[in-house]
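Undergrad: Please find the sequence and the predicted model below.
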Amino acid sequence: MKKLFMLIMVSMIMITGCGINNTIQVVNEKAETVHLGLKEKELQQDISGIPAKVVNVVDGDTIDVMMNGKKERVRFILVDTPETKHPQMGVQPFGEEASNFTKEQLLGQDIILELDVAERDRYGRLLAYIWLNGKHFNEILIERGLARVAVFPPNTKYVDRFREIQQTAQEQAIGIWSIENYVEEKGFNKEKIKKNQSLKEAKSGCKIKGNISSSGEMIYHMPGGVYYDRTNPEEWFCSKEEAEKAGYRASKR
């Protein structure tokens, strides 16, 4: 009887021990799940900023928003997309792609503007990181090869992360990185831009340059005009009539 009793007790202890181990494992799994949940909440809490609605897209890295009942122009922090409306630079390679992507993704959307140390640039534009549905839009532009990392201290909160993403885009040779030596430390290679414009001209066979000024005015320039040589066109036209039909007016000089 004693042997039988001892055997029963040992069996019960073994069974109980297994149960305890299983219980500890389940508790640990639950604790890990709770911990992960807290991390996600902490990340969401880190995204503190100003709610705004996008009412206009200027180009790939600049938008107009309504916030607190006021319209503000917002320049994205730490990113620089190629130009589309610059009076001297004209349309740079991948400028239209960046602008169209920003318009498709942001126009009419509710976003969060996250500020950094300096709130405005010298033009009075609000400087911000853009959050759309919990995703960092500045980061997405770099990831897709539509923007380069542009650092203007003291706004450097995400610079290390952005540079890592840029490195990947470079290695994959996507977007702006698909043109050799196009991206420079302070912007985009002017010679590459001129070559791109020359190819457009050669393809169209037309000589009249259509340019959009920094104020949004559409102007066409005839060969021999004062500003003709320094103008990088958005479009090429074969006649005055064609340019005017597209909404451009003649340059006054």
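TA: The structure has been received and is ready for your questions.

Undergrad: where in the stretch 101-250 of the chain is pLDDT low?
TA: Within the stretch 101-250 of the chain, the stretches with pLDDT under 70 are 187-204, 214-215.

Undergrad: ok, which stretches of it are strands?
TA: Using DSSP state E, counting those that start in this stretch, the strands of the stretch 101-250 of the chain run over residues 110-114, 126-132, 135-136, 148-149, 183-184, 187-188, 208-212, 218-221, 235-237, 249-250.

Undergrad: by contact count, what packs against the fourth one?
TA: Here strand 148-149 touches strand 79-80, helix 159-172, going by 3 or more Cβ pairs under 8 Å, 6 or more residues apart in numbering; DSSP states H and E. In short, each C-beta sits where N, CA and C put it, glycine included.

Undergrad: Of all the strands of the stretch 101-250 of the chain, which one is nearest residue 82?
TA: Nearest of the strands of the stretch 101-250 of the chain to residue 82, taken as Cβ to Cβ: strand 187-188 at 5.7 Å.

Undergrad: so how far is residue 236 from the closest residue to residue 228 other than its chain neighbours?
TA: Closest residue to residue 228 apart from its sequence neighbours, by Cβ to Cβ, 6 or more residues apart in numbering: residue 221 at 4.7 Å. Distance, residue 221 to residue 236, by Cβ to Cβ, to the nearest Å: 11 Å.

Undergrad: Between those two, which contacts overlap?
TA: 208, 209, 210 (Cβ atoms under 8 Å, 6 or more residues apart in numbering).

Undergrad: and which of these is nearest residue 113?
TA: residue 210 (33.8 Å).

Undergrad: residues near the closest residue to the closest one other than its chain neighbours, how many?
TA: Nearest non-adjacent residue to residue 210, counting by Cβ to Cβ, 6+ apart: residue 235, 3.9 Å away. When neighbours are counted by other Cβ atoms under 10 Å, residue 235 registers 20.

Undergrad: which residues touch residue 235?
TA: Each residue near residue 235 by Cβ under 8 Å, 6+ apart is listed here: 209, 210, 246, 248.

Undergrad: Ok, residue 117 next?
TA: 154, 155.

Undergrad: how does it look with 10 Å?
TA: 77, 127, 153, 154, 155, 156, 157 (Cβ atoms under 10 Å, 6 or more residues apart in numbering).

Undergrad: right, and residue 119 touches residue 49 too?
TA: No: look at residue 119 against residue 49 with Cβ atoms under 10 Å: they stay out of range, at 11.8 Å.

Undergrad: Looking at these two, which is more packed in?
TA: Set residue 119 next to residue 49 and count neighbours by other Cβ under 10 Å: residue 49 wins out with 14 against 11.

Undergrad: just to revisit the earlier point, now for the residue nearest to residue 228: which residues touch it?
TA: Listed by Cβ under 10 Å, 6+ apart, the contact set of residue 221 reads 207-211, 227-231, 233, 237, 243, 248, 250-251, 253.
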